[in-house]
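Participant: fold the following, please.
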Amino acid sequence: MKIQSSGASPNKKNNHSGKGTHSSASGRRSKGKTTMTRRQFLVRGAATVIGAGLLTSGYAWQGEPNWIQVTKLKLSFKDIPSAFSGMKVVHFSDTHLGFNKDARDLARLAERIAKEEPDLICFTGDIVDSNPEDLVDAIPVLAELNAPLGKYAVLGNHDFKNTKRIIELFTSAGFRVLRNESYLLKRGGAVMAVTGLDDLLHGEPDPVKALKGVPAGTFTVLMMHEPDYADIAQAHSFHLQLSGHSHGGQIRLPFLGAPFTPYGSQKYINGLYYTDTKRMPVYVNRGFGETVMPFRFLCRPELTVLTLRHSSDE
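Facilitator: Below is the predicted model:
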């Protein structure tokens, strides 16, 4: 792992027991039978009925998927260097190009990103839905994005059809793809780090390897596609985790929330959370694109803007 420098509220309970969300650092899903509770049966039955209605709903198909929500948050940390206090991190995720979104859609999102004048841009995985070549037309759009502290990305589970090609394309657009590695940022004589871990489902996340070479006590932002990994990540020297993967459920039901979320996002699903032990903040972006179904309902595509401050600046 190379360290480089640049000058420039949960709506589901975690069903896992033991330490953290996963039984081991690799987080592999254990094989075995599961029992559906009566509530789960009713929720899934309702989701099926409502989902069938959504198939003919113009709002869920042509409306909400194109209605971007910009979420702005301010987070305070006692360990962030004063030189970085006030920095603006723009976080987007899960564009799933090639399914229900293309380069023209991404251009609309890029306009919103540019308007926020970010200091740092973070993308947390699933740039394509399947085919790496679906990213090609979007490279000029991604290349136009600018941030003085850089543009960084991690891979998601949908990006593993040809990781070499995905990384090559990202790099041509000026993004650094981090796979179990960190990058040191410098400003005003101070240093902070951005760390990216490999995907949980198809890769081998290794936080120890990723943090090798990061000076002890360095304020570090972690990018990890699957948010539930936060229960493992909190044991390491990360101060904030940014994730995607869940799409917020993509379809949410009134009073019930998201009937379905993917493995790796069954505890942390949508918005800001804090881990149970370390109280490390975890932000789960709902993503920009869609997968499986070209619908969103009560779950608009999201762009997140986080302003990080030193606690003394409040």
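Participant: which strands or helices does the helix or strand containing residue 140 pack on?
Facilitator: Under the criterion of DSSP states H and E, residue 140 resides in helix 139-143. Packing partners of helix 139-143 (3 or more CB pairs under 8 Å, 6 or more residues apart in numbering; DSSP states H and E): helix 103-115, helix 163-172. Every C-beta, even on glycine, is put in place using the N, C-alpha and C of the backbone.
Participant: right, and the ones you listed - which one's nearest residue 242?
Facilitator: helix 103-115 (14.6 Å; CB to CB).
Participant: what does the very next helix or strand once past the closest one contact?
Facilitator: The element immediately downstream of helix 103-115 (helix or strand, assigned by DSSP H and E) is strand 120-123. With CB atoms under 8 Å, 6 or more residues apart in numbering as the test, strand 120-123 has contacts from 87-93, 113, 145, 147, 149-154, 175, 185, 194, 221, 223, 242.
Participant: just these: which are in strands?
Facilitator: Members of these lying in strands (criterion: DSSP state E): 87-92, 151-153, 185, 194, 221, 223, 242.
Participant: tell me where the stretch 151-300 of the chain has helices.
Facilitator: Remark: helices assigned in the stretch 151-300 of the chain by DSSP state H, counting those that start in this stretch are 163-172, 207-211, 230-233.
Participant: got those helices as CSV, with distance to residue 70, mean neighbour count and mean pLDDT columns?
Facilitator: Below are those laid out as CSV (distance: least, CB to CB, whole Å; neighbours: other CB atoms under 10 Å; pLDDT from 0 to 100):
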stretch, distance to residue 70, mean neighbour count, mean pLDDT
helix 163-172, 23, 16, 98
helix 207-211, 30, 19, 98
helix 230-233, 24, 24, 98
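Participant: right, and those - which one's nearest residue 199?
Facilitator: Set against residue 199 and scored by CB to CB, these come closest in helix 163-172, at 9.1 Å.
Participant: so what does the closest one touch, helix or strand wise?
Facilitator: In terms of contacts (3+ CB pairs under 8 Å, 6+ apart), helix 163-172 is packed against helix 139-143, strand 176-177.
Participant: list the buried residues of the helix holding residue 140.
Facilitator: 139, 141-142 (16 or more other CB atoms under 10 Å).
Participant: where does the prediction get shaky in the protein?
Facilitator: The model of the chain has pLDDT under 70 over residues 1-67, 314.
Participant: strands along that one, start to end?
Facilitator: With DSSP E as the criterion, the chain has strands spanning 4-6, 69-77, 87-92, 120-123, 151-153, 176-177, 181-187, 190-196, 219-223, 240-243, 271-274, 281-284, 302-310.
Participant: can I get those in CSV including mean neighbour count?
Facilitator: CSV is the format used below for the strands of the chain (neighbours: other CB atoms under 10 Å):
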stretch, mean neighbour count
strand 4-6, 12
strand 69-77, 14
strand 87-92, 23
strand 120-123, 26
strand 151-153, 24
strand 176-177, 18
strand 181-187, 21
strand 190-196, 23
strand 219-223, 24
strand 240-243, 26
strand 271-274, 17
strand 281-284, 26
strand 302-310, 21
